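In: Provided below for reference: sequence and predicted model.
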Amino acid sequence: MTLAQSGIVPAWMDRGADPCADFYAYACGGFLKTAVIPPDRSSWGAIQLVVKENEELLRRTLEAAAAAKHGADPIADKLGTYYAACMDEDAIERAGLAPIRPLLDVAAGVTDGKSAARAVIALHAASVFPLFGIGPQQDFADATQVIAALDQGGLGLPDRKYYLESKGTMEKTRRVYAAHIERMFALAGRAPAEAKTAAANAMAIETALARVQQTDVVRRDPRKVYHRVDRAGLEQRVAPAFPWGDYLAKLDIPKVTAITVNDPAYYTAIARLLETERPAALRDYLTWTVLRESAGELGRAWVAEAHTMERELAGVKELPPRWRRCVERVDDDLGELLGRGYVAARFTGDSKARAVELTRAIYAAMRAELDALPWMDDPTRTAAKQKLEKMAYLVGFPDAWREYGFPVRRDDFAGNVRAAVRWEQARQLAKIGSPVDRLDWQMTPPTVNAYYDATLNQIALPAGQLQPPFFGARFHPAVNFGSTGGGTIGHEITHGFDDEGSQFDGDGNLRDWWSKSTKSRFADATKCVIEQYGAYEAVPKVKLDGKLTAGENIADNGGVKIAYQAYQQWKAQQAAPPPREVEGLTDDQLYFLAYGQSWCDQATPEKLETMAHSNPHAPPRWRVNGVIVNQPGFGAAFQCKPGAPMSPGKPCSVW
Ligand SMILES: [Zn+2]
């Protein structure tokens with residue numbers, strides 16, 4: 001087996017770099033020296049490579065479907081029709097603002113607080129979400145029940161802090177955003193002075209909302225975002241001024257009584273805002289929300305203007321080609337139709353069996369780890385093991401494919417999108433009061449990502465993540481264990497035990513199953529991780545938020561540690577073990593190298609900074625080096641001198 005066959009990309013390495021000094025430079029230095037971020041993307045790396053291949057494959061599928069004779073295959077018909085309508089920019093141009101005119105009329109009809117509330121209701125019913133959002137949620141107190149959950153929302157910038165703070169480039173971003181709103185109003189036909197006033201109004205209301213919203217760090221505490229108030233409480237105490245009966249009736253869930261809100265004070269505040277704010281300002285805010293959420297369905301000038309914020313926040317220099325945006329749209333709106341062909345092309349043969357085998361090996365290692373952890377007392381250990389026993393996994397693609405019961409037309413892109421989002425909203429809201437569906441996927445099969453859901457106590461690994469360079473049925477097993485086993489499966493399992501996930505039990509209930517003494521040791525270990533990552537810079541002068549990123553960092557560290565043990569245990573059981581060495585690299589070295597290379601990535605400074613302000617994940621460099629310095633097996637694998645930068649001793653260790 002050559003190094004390339006093992007799944008490692010030799011050219012991505014920098015053999016001249018010292019792995020004990022800077023492992024990211026060793027694993028990815030070659031990549032970083034030559035990588036060029038395409039002007040229509042915010043980063044270029046291992047993930048984007050798979051994303052790009054997927055986009056091209058899906059494009060071929062959709063172009064063939066769009067060109068095929070109508071009626072031969074209902075799935076291809078629907079996919080082809082949707083894609084063709086999205087690609088027909090001339091028809092979209094001709095439609096002008098007509099597709100969203102009814103929504104704009106709703107916003108324009110506001111004359112006082114009462115009509116503003118009616119407008120909010122009508123917009124939510126049409127899947128446009130000013131002020132807050134609604135969806136189904138398993139009751140944190142009884143995860144067998146699905147209740148309605150209201151959550152703060154209605155902002156156009158990534159987080160409330162962009163309206164209130166001045167870290168890094170935030171002030172500039174605010175100015176760019178306000179100018180963008182103004183240009184969008186001008187496109188909608190407002191005279192220059194009116195557009196300026198409207199932008200100021202929209203900005204003022206978003207800022208007022210930001211002031212009463214919870215911070216992202218507070219929101220990581222499940223007890224702070226769960227307040228079961230029920231309908232009577234919402235109607236009588238929390239926000240009596242808002243017509244909740246009409247709201248639920250218009251959203252077609254009139255009988256719902258079980259409701260949780262993220263924070264009662266927020267709904268009191270927004271009901272008051274509707275009562276006291278100037279009607280003209282409310283009209284502008286609601287109009288802006290409609291324009292912001294539907295710009296992508298409109299003509300070229302709108303799409304180009306909407307790109308302003310992608311450029312500002314993610315550093316994407318150029319608008320991605322139309323076909324890419326349409327592929328993404330079909331994946332969003334008809335993902336399980338599109339995903340069938342993807343799975344048939346990219347996740348066949350023994351792919352699923354191999355991924356399940358890997359998943360089982362990681363579970364087994366986590367079980368052994370729970371037995372061995374010195375800081376856990378026995379009652380907590382027993383509860384943790386019960387949680388792991390109950391943790392389910394979804395691998396690759398759904399057992400039963402979703403059907404999309406709404407018609408689509410070749411000449412009405414915006415109408416198709418509206419139909420799709422309304423259909424999805426109805427599907428989501430229908431879950432309230434229904435039994436929990438444990439087989440419902442929250443990502444589509446081609447998605448290059450994975451997730452853990454705490455109320456389901458379940459991990460999900462889409463086929464898109466189980467691809468080279470992350471996973472290959474013929475790769476050296478150490479590579480699959482390091483990249484997919486540690487970086488994906490171990491990472492997601494560990495989320496069940498990170499500072500957030502650990503507050504839910506094996507049945508998905510928010511319940512404290514920790515003894516007091518073990519909990520305080522867990523808090524100390526978590527603090528170590530918070531301080532470690534809080535010292536890292538995302539871009540010069542902008543540090544990571546150790547608290548915001550704690551859960552992801554715990555998951556990264558635990559995942560790589562557990563998968564390393566899983567690999568050792570798995571290898572010991574093989575009658576014919578895999579090669580111990582490939583081109584001078586030991587299999588243990590391959591393991592860490594595979595993990596490191598899974599994060600080879602060059603990102604724009606804009607993206608790195610936006611992530612630092614609003615994303616719970618650390619940037620790729622720290623997802624590698626921040627993890628490596630804590631790995632007990634790393635120093636031995638690379639024969640690092642004690643005290644070397646990547647083997648400093650005194651590691652942070654949670655799981
Ligand atoms: Zn994660």
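Out: Yep, it's here.
In: measure the residue lying closest to residue 3 once chain neighbours are set aside to the ion for me?
Out: On the basis of CB to CB, 6 or more residues apart in numbering, the spatially nearest residue to residue 3 that is not a chain neighbour turns out to be residue 583, at 4.4 Å. C-beta coordinates here come from the backbone N, C-alpha and C atoms, glycine included. Counting by CB to the ion, to the nearest Å, the gap from residue 583 to the ion is 32 Å.
In: got a list of what residue 583 touches?
Out: 2-3, 10 (CB atoms under 8 Å, 6 or more residues apart in numbering).
In: and the pLDDT for it?
Out: Note for residue 583: predicted pLDDT of 97.
In: got the phi and psi for it?
Out: phi 40, psi 50 (degrees, to the nearest 10).
In: buried subset of the contacts of residue 583 as a PyMOL selection?
Out: Burial among these is assessed by 16 or more other CB atoms under 10 Å; the matching PyMOL selection reads:
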select buried, resi 3
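In: in strands, which of the contacts of residue 583 appear?
Out: Nothing among these maps onto strands, per DSSP state E.
In: including distance to the ion and pLDDT, could the contacts of residue 583 go into CSV?
Out: As requested, the contacts of residue 583 are arranged in CSV below (distance: CB to the ion, whole Å; pLDDT from 0 to 100):
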residue, distance to the ion, pLDDT
2, 32, 97
3, 29, 97
10, 29, 98
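In: need the contacts of residue 583 in CSV (columns: distance to residue 63).
Out: Shown next, in CSV, are these (distance: CB to CB, whole Å):
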residue, distance to residue 63
2, 36
3, 37
10, 35
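In: so how far is residue 571 from the residue nearest to residue 3?
Out: 19 Å (CB to CB, to the nearest Å).
In: again with residue 376
Out: For residue 376 relative to residue 571 (CB to CB), the value is 27 Å.
In: more neighbours, the two?
Out: The residue with more neighbours, out of residue 376 and residue 571, is residue 376; 21 against 17, by other CB atoms under 10 Å.
In: list the contacts of the more buried one.
Out: 370, 384, 518, 521.
In: what helix or strand is the third one on?
Out: So that's residue 518. helix 516-534 (DSSP states H and E).
In: equivalent analysis for residue 66, please.
Out: helix 46-67.
In: for the stretch 151-300 of the chain, which segments count as helices?
Out: For the stretch 151-300 of the chain, the helices defined by DSSP state H, counting those that start in this stretch occupy 161-164, 170-187, 192-212, 222-225, 230-233, 244-250, 264-276, 279-294, 300-314.
In: give me the angle between the second one and helix 279-294.
Out: Helix 170-187 and helix 279-294 meet at an angle of 90 degrees, taking axes from the mean of the first three to the mean of the last three CA atoms, to 10 degrees as the criterion.
In: next one: phi and psi at residue 567?
Out: According to degrees, to the nearest 10, residue 567 has phi -60, psi -40.
In: what number of residues lie near it?
Out: 28.
In: that one touches residue 478, doesn't it?
Out: Yes - in this structure, residue 567 is within contact of residue 478 by CB atoms under 8 Å, at 6.0 Å.
In: hey, what's in contact with both of the two?
Out: 587, 591.
In: going along the chain, name the helices of the stretch 451-600 of the chain.
Out: 477-480, 491-495, 516-534, 550-572, 587-598.
In: most packed of those helices?
Out: Mean neighbours per residue, mean count of other CB atoms under 10 Å, is largest over the helices of the stretch 451-600 of the chain for helix 477-480, with a mean of 28.
In: how far does that one sit from the chain's center?
Out: 26 Å (CA atoms, centre = their mean, to the nearest Å).
In: one more: stretch 57-76?
Out: Here stretch 57-76 is found 29 Å from its chain centre; the criterion is CA atoms, centre = their mean.
In: looking at the helices of the stretch 151-300 of the chain, which is buried most?
Out: helix 279-294 (a mean of 22).
In: which strands and helices lie in contact with that helix?
Out: Helix 279-294 is packed against helix 101-108, helix 113-125, helix 170-187, helix 192-212, with contacts defined by 3 or more CB pairs under 8 Å, 6 or more residues apart in numbering; DSSP states H and E.
In: relative to the ion, how far out is residue 137?
Out: Residue 137 is 19 Å from the ion, by CB to the ion.
In: confirm that that residue sits in a helix.
Out: No - per DSSP: H, G, I helix; E, B strand; the rest coil, residue 137 lies outside any helix segment and is strand.
In: that older thread, for the helix holding residue 66, packing partners?
Out: Helix 46-67 packs on helix 74-87, helix 322-346, strand 601-603, going by 3+ CB pairs under 8 Å, 6+ apart.
In: what residues does the stretch 551-655 of the chain have near the ion?
Out: 552, 555 (CB under 5 Å from the ion).
In: quick one: neighbours of whichever residue of the stretch 151-300 of the chain sits closest to the ion, just the number.
Out: Residue of the stretch 151-300 of the chain nearest the ion, by CB to the ion: residue 220 (12.3 Å). For residue 220, the neighbour count with other CB under 10 Å is 19.
In: so residue 400 sits in a strand?
Out: No - going by three-state DSSP, the assignment for residue 400 is coil, not a strand.
In: residues contacting the residue nearest to it when sequence neighbours are not counted?
Out: Nearest residue to residue 400 in three dimensions, chain neighbours excluded: residue 439, at 6.9 Å (CB to CB, 6+ apart). Counting by CB under 8 Å, 6+ apart, residue 439 touches 394, 398-400.
In: and residue 439, how close does it get to residue 390?
Out: Distance from residue 439 to residue 390, by CB to CB: 16 Å.
In: swap in residue 62?
Out: Taking CB to CB, one finds residue 62 at 39 Å from residue 390.
In: ok, now residue 253?
Out: The spacing between residue 253 and residue 390, counted by CB to CB, is 30 Å.
In: which of these two has more neighbours?
Out: Using other CB under 10 Å as the criterion, residue 253 and residue 390 rank with residue 253 on top: 17 against 14.
In: quick revisit: switch the helices and strands packed on helix 46-67 over to TSV; also include mean neighbour count, mean pLDDT and distance to residue 492.
Out: Formatted as TSV, the entries for these read as follows, by neighbours: other CB atoms under 10 Å; pLDDT from 0 to 100; distance: least, CB to CB, whole Å:
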stretch	mean neighbour count	mean pLDDT	distance to residue 492
helix 74-87	21	97	30
helix 322-346	20	97	20
strand 601-603	22	98	20
